[in-house]
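> Can you look at this prediction? I've put the sequence above it.
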Amino acid sequence: MNVLVSRIEKMKPTFEKISNNPYLRAIRDGFISLIPVILFSSIFLLVAYVPNIFDFYWSAGTEAVLMKAYNYSMGILGLLMSSTVAKSLTDNFNSKLPKTNQINNVSTMIAAIISFLLLGVDPLEGGLSTGFMGTKGLLTAFVVGFVVPNIYRFCIKNNITVKMPEEVPGNISQTFKDLIPITLSVVFFWLFDLGFRNFVGTNFSEKIIELFQPIFSAADGYLGLALIFGAMAFFWFVGIHGPSIVEPAVAAIYITNVEANLQLYQNGEQANRILSQGTQYFVATLGGTGATLVITLMFAFMARSKQLRTIGRASSVPVLFGVNEPMLFGAPIVLNPIFFIPFILTPILNVWLFKFFVDVLGMNGFIYNLPWTTPGPLGLIMGTGFAFQAIILMLVLLVVDFLVYFPFFKVYDNELLEKERTQENEVIEEKLEVEEAQVVTAAAAEAMAETKTEKKVLVLCANGATSAMLANAIKKGAQQKGVPLDSTAMAYGQHKELIGEFDLIILAPQMASMLGELQEDVKGYETKAASTSGAEYVALARTPEQALNFVFENLA
């Protein structure tokens, strides 16, 4: 197993290239931008239909009012996605273009919206058909979001723009600079739509859904589910944020399936679609990728090793809410040969059990989208409409996860216990509990003493959750020392337009491979970039004074 993991580790650069693919990142960042829309719309669904479980039904008028908010948010998700994907890809292209010759990301968003409407929306008397403006239009949104920025990039790189005299104000000059790219983008999709409708007889959105339907069905099968969630766990085991690679490939299926499940449920039929965000958050990755909720509790309450007890108890609350990076890097589980098999096998078994309950026992699949930070057991029960079988399934999942992880837990616990007894390794406290009394470096101390104006620090991770742990520790350390400093957390990609507002940007371990890109982004600003390793991140997040020291070491 050590040899296997060693070989896998050598493949990490290849996996990082996949993770950093601009088109995959554009889909991921596009979805992250729209998570508030998805969750907002779900609130109205919960209010409208959860009372039905208790035999309470709103009047038709009240239900229509509640669903109006849903239809005008989730119902135009495809339209919104075309613009956010285009913006994300545009920002990626701009990072490689001269600062004096950038693509206007607002213009690409506008062009993407117009192009999406051309491809996926049919005119009706007095209005527009909305059938493919929502989840059914996501695949079209991706196509438009990819093509439009490339047309703009071609025009900008080859100076195919309307040039105005130097005396013309910049905002007016930019308007004319965008004229040719937006025209080419819209005309391209206008002509494509005319040809496609004449040749195929229907709009592009409807046809592409039809073509991809077999893939949607295959993804809901046992093999498809195993590949999706096994791959997600495998990439995380290597130390790369697995969902960043896998989710963009299945994001359209996630959202479309929940929409389909809801319609089936409302029609009195079984919601039988398996693959969804709820399946990922509350079944396959119960407690985080690798289904680490149970193993965290085992560390906290069953381990004899002080290292595992310390990590387990410190990680129990975050893992309950789906934040398991302290476990992954603190135990560690990432690249730990002992946990290779259970880390990948457990998510697969979990989702297979979920499929069995839906296909054989008649349980509903997920009909609501809930925040991924909802505690796993509660998320499964609420997301499936408070199905009684979901309560049974949750108990089964916890038992199965325990049985899978237990033998590997015992091996690792005994191994660490023996090392602690013989002191073959460094003292555990030195690795995991950075002592408050550690000496602040001279450079950091000098930088702290000279700080008169408020410093601002940004911590980035894949989704903004792990980064919040370090951001909070830094802020607390500054308050304890009376240092004028503020820190905040974001998901990687959300920082692009805010770089100049921060003195230091720190990458969490799972985003460390983006350091080179971040260093390029901060050029031209007085902003510094830094990254952290797994064990270091866990220690800093738990010790505010050392977190503050880390900041000023990088600012010095």
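Cool, the structure landed.
> residues touching P181, list them.
Counting by CB atoms under 8 Å, 6 or more residues apart in numbering, P181 touches 103, 107, 111, 151-152, 155-156, 160-161. From N, CA and C alone the C-beta is placed, and that goes for glycine too.
> now it: how far from F354?
For P181, the distance to F354 equals 46 Å [CB to CB, to the nearest Å].
> cool, and A512?
Distance from A512 to F354, by CB to CB: 33 Å.
> More neighbours: these two, which one.
Ranked by neighbour count (other CB atoms under 10 Å), A512 and F354 place F354 first, with 26 against 18.
> Spatially nearest residue to that one, not counting backbone neighbours?
Spatial nearest neighbour of F354, excluding adjacent residues (CB to CB, 6 or more residues apart in numbering): V283 at 4.7 Å.
> What residues does that neighbour make contact with?
Going by CB under 8 Å, 6+ apart, V283 touches 350-351, 353-354, 380, 397.
> What of E415?
I338.
> Kindly state the pLDDT recorded for it?
Note on E415: pLDDT of 86.
> For it, what is the enclosing helix or strand?
helix 388-422 (DSSP states H and E).
> and W352, backbone torsions?
Per-residue torsions, W352: phi -70, psi -40 (degrees, to the nearest 10).
> one step back: among the contacts of P181, which ones are buried?
103, 107, 111, 151-152, 155-156, 161 (16 or more other CB atoms under 10 Å).
> now, which of those lie within helices?
Cross-referencing these against helices under DSSP state H gives 107, 111, 151-152, 155-156.
> And those residues, which is closest to L262?
Minimum separation from L262 among those (CB to CB) is found for A111, which lies at 31.8 Å.
> From F339, how far out is that closest one?
Taking CB to CB, one finds A111 at 47 Å from F339.
> related to what we said a few turns ago, for the helix holding E415, the distance to its chain's centre please.
27 Å (CA atoms, centre = their mean, to the nearest Å).
> Show me what counts as buried in it.
389-390, 393-394, 396-398, 400-402, 404-405, 408-409, 412-413, 416-417, 420.
> Next, the contact list for H495, please.
Shown in contact with H495 (CB under 8 Å, 6+ apart): 458, 460, 502, 505.
> Tell me the one of these nearest P36?
L460 (18.6 Å).
> does the closest one belong to a helix or a strand, and which?
If you go by DSSP H and E, L460 is part of strand 455-461.
> And P347, by the same measure?
Element membership of P347, judged by DSSP H and E, is helix 340-359.
> which ones are touching P342?
Contacts for P342 (CB under 8 Å, 6+ apart) come out as 290, 295, 404-405, 408.
> For it, report the pLDDT, please.
As predicted, P342 sits at a pLDDT of 94.
> One more: F356?
Value listed for F356 in the pLDDT field: 96.
> What separation do you get for it and V396?
10 Å.
> same question, F234
Distance, F234 to V396, by CB to CB: 24 Å.
> Downstream of the helix or strand hosting S467, the next helix or strand is which one?
Per DSSP H and E, S467 falls inside helix 466-481. Remark: after helix 466-481, the chain's next helix or strand is strand 485-491, criterion DSSP H and E.
> Buried residues in that following strand, which are they?
Those buried within strand 485-491 under the rule 16+ other CB under 10 Å are 485, 487-491.
> for the residues you listed, which one is nearest A556?
L485 (13.8 Å).
> you'd agree F116 is in a helix?
Yes - using DSSP: H, G, I helix; E, B strand; the rest coil, the assignment for F116 is a helix.
> wait, isn't it in contact with V147?
No - the pair F116 / V147 is not scored as a contact, 10.7 Å apart, by CB atoms under 8 Å.
> between these two, which one's more packed in?
Neighbours were counted for F116 and for V147 using other CB under 10 Å; F116 has more, 29 against 19.
> T108 touches Y152, doesn't it?
Yes - with contact defined as CB under 8 Å, T108 counts as touching Y152 (5.4 Å).
> Need the residues touching each of these two.
Shared contacts of T108 and Y152, defined by CB under 8 Å, 6+ apart, comprise 90, 185.
> show me the contacts for I344.
Here I344 is in contact with 230, 233-234, 237, 290 (CB under 8 Å, 6+ apart).
> Name the nearest residue to it, sequence neighbours excluded.
With CB to CB, 6+ apart as the measure, A233 is the residue that lies nearest to I344, at 4.6 Å, once sequence neighbours are left out.
> pLDDT value on that neighbour, please?
91.
> That one reaches T289, doesn't it?
Yes - using CB under 8 Å, A233 makes contact with T289 at a distance of 5.7 Å.
> anything in contact with each of the two?
Contacts common to A233 and T289, judged by CB under 8 Å, 6+ apart, are 242, 347.
> So the two - more neighbours on which side?
T289 (28 against 23).
> Just the pLDDT for the closest residue to the more buried one other than its chain neighbours.
Closest residue to T289 in three dimensions, ignoring its sequence neighbours and counting by CB to CB, 6+ apart: W236, at 4.4 Å. Here the pLDDT value assigned to W236 is 85.
> Quick one: residues contacting W236.
Contacts for W236 were tallied using CB under 8 Å, 6+ apart; they are 242, 289-290, 328, 334, 343, 510.
> backbone phi and psi for P371, please?
phi -60, psi 140.
> related to what we said a few turns ago, make CSV out of the contacts of H495 and add pLDDT.
Output for the contacts of H495, formatted as CSV (pLDDT from 0 to 100):
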residue, pLDDT
L458, 92
L460, 87
F502, 91
I505, 92
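> ok, of the residues you listed, which one's closest to L139?
L460 (29.1 Å).
> What distance do you get for the closest residue to the closest one other than its chain neighbours to F301?
Spatially, and ignoring its direct neighbours in sequence, L460 is nearest to Y492 (4.6 Å; CB to CB, 6+ apart). Separation of Y492 from F301 (CB to CB) stands at 34 Å.
> which one of the two has more residues nearby?
The neighbour comparison of Y492 against F301 (other CB under 10 Å) goes to Y492, with 26 against 11.
> Next SSE downstream of the helix or strand harbouring V47?
Element membership of V47, judged by DSSP H and E, is helix 22-49. Going down the chain from helix 22-49, the next helix or strand is helix 60-71, by DSSP H and E.
> Do me a favour and average the pLDDT over that following helix.
88.
> by contact count, what packs against it?
Under the contact definition 3 or more CB pairs under 8 Å, 6 or more residues apart in numbering; DSSP states H and E, helix 60-71 sits against helix 22-49.
> Going by neighbour count, which residues in the helix it packs on are buried?
22, 24-35, 37-38, 41-42, 44-46, 48-49.
> now the angle between helix 60-71 and that helix, please.
170 degrees (axes from the mean of the first three to the mean of the last three CA atoms, to 10 degrees).
> Next, the angle strand 485-491 makes with helix 22-49.
90 degrees.
> hmm, back to that, list the contacts of the residue nearest to I344.
For A233, the contacting residues are 242, 289-290, 343-344, 346-347, by CB under 8 Å, 6+ apart.
> What strand or helix carries it?
Assigned by DSSP H and E, A233 belongs to helix 222-238.
> what angle sits between that helix and helix 340-359?
150 degrees.
> what's the next secondary structure element after helix 222-238?
Next helix or strand after helix 222-238 toward the C-terminus (DSSP H and E): helix 242-266.
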